[in-house]
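1. When you get a sec, could you give me coordinates for this:
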Amino acid sequence: MNRVDRSRQSQSPLSDAQEAVESAVRASKQALSHPSITMLSQAEHAIQHAEKGLLGALSNSQEKPWLEAAESLEEAKSTVSELENSKNKE
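-> Sure thing, here's the model as predicted:
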């Protein structure tokens, strides 16, 4: 097993969820910078992935880090939602 595999196995469900949230936040910022159907779709997919990760981490996570990740995800969702609304008005 290589180093990447070992480090991946040692991550907790919360750290996996936090990474997914960070990815969703990045994707929403990219969609904001470069609004297109493709970027919005990628951001939505990243958000869905992060939501699943947060749900999976909920039962065995420390409350504060989980809540912080959930807040970041909500901000990303809000950004994507605003972009979708502005695209629909065009």
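
2. can you tell me which helix in the protein is longest?
-> When the chain is parsed with DSSP state H, its longest helix is helix 63-89.

3. Could you name the helices and strands sitting against it?
-> helix 13-33, helix 37-58 (3 or more C-beta pairs under 8 Å, 6 or more residues apart in numbering; DSSP states H and E). For glycine as for every other residue, the C-beta is placed from the backbone atoms N, C-alpha and C.

4. Report the angle between that helix and helix 37-58.
-> Helix 63-89 and helix 37-58 are oriented at 160 degrees to each other (axes from the mean of the first three to the mean of the last three C-alpha atoms, to 10 degrees).

5. So for helix 63-89, mean pLDDT?
-> If you average the pLDDT over helix 63-89, you get 90.

6. how far is that helix from where the chain is centred?
-> Here helix 63-89 shows a centroid-to-chain-centroid distance of 9 Å under the convention C-alpha atoms, centre = their mean, to the nearest Å.

7. List the buried residues of it.
-> In terms of neighbour count (16 or more other C-beta atoms under 10 Å), helix 63-89 has its buried residues at 66, 69, 70, 72, 73, 76, 77, 79, 80, 83, 84.

8. Was I right to think the last one contacts residue 40?
-> Translated: residue 84. Yes - counting by C-beta atoms under 8 Å, residue 84 touches residue 40, with 6.2 Å between them.

9. Can you give the contact residues for stretch 48-64?
-> With C-beta atoms under 8 Å, 6 or more residues apart in numbering as the test, stretch 48-64 has contacts from 12-14, 16-17, 20-21, 23-24, 66, 69-70, 73, 76.

10. what sits up against stretch 11-18?
-> Contact with stretch 11-18 is made by 50, 53, 54, 56, 57, 60, 61, 62, 65, 66, 69, as judged by C-beta under 8 Å, 6+ apart.

11. For residue 28, state which of these is nearest.
-> Closest approach between the contacts of stretch 11-18 and residue 28, by C-beta to C-beta: residue 50, at 10.2 Å.

12. Relative to residue 24, how far out is that closest one?
-> Separation of residue 50 from residue 24 (C-beta to C-beta, to the nearest Å): 4 Å.

13. and if you look at residue 47?
-> From residue 47 to residue 24 the distance is 5 Å (C-beta to C-beta).
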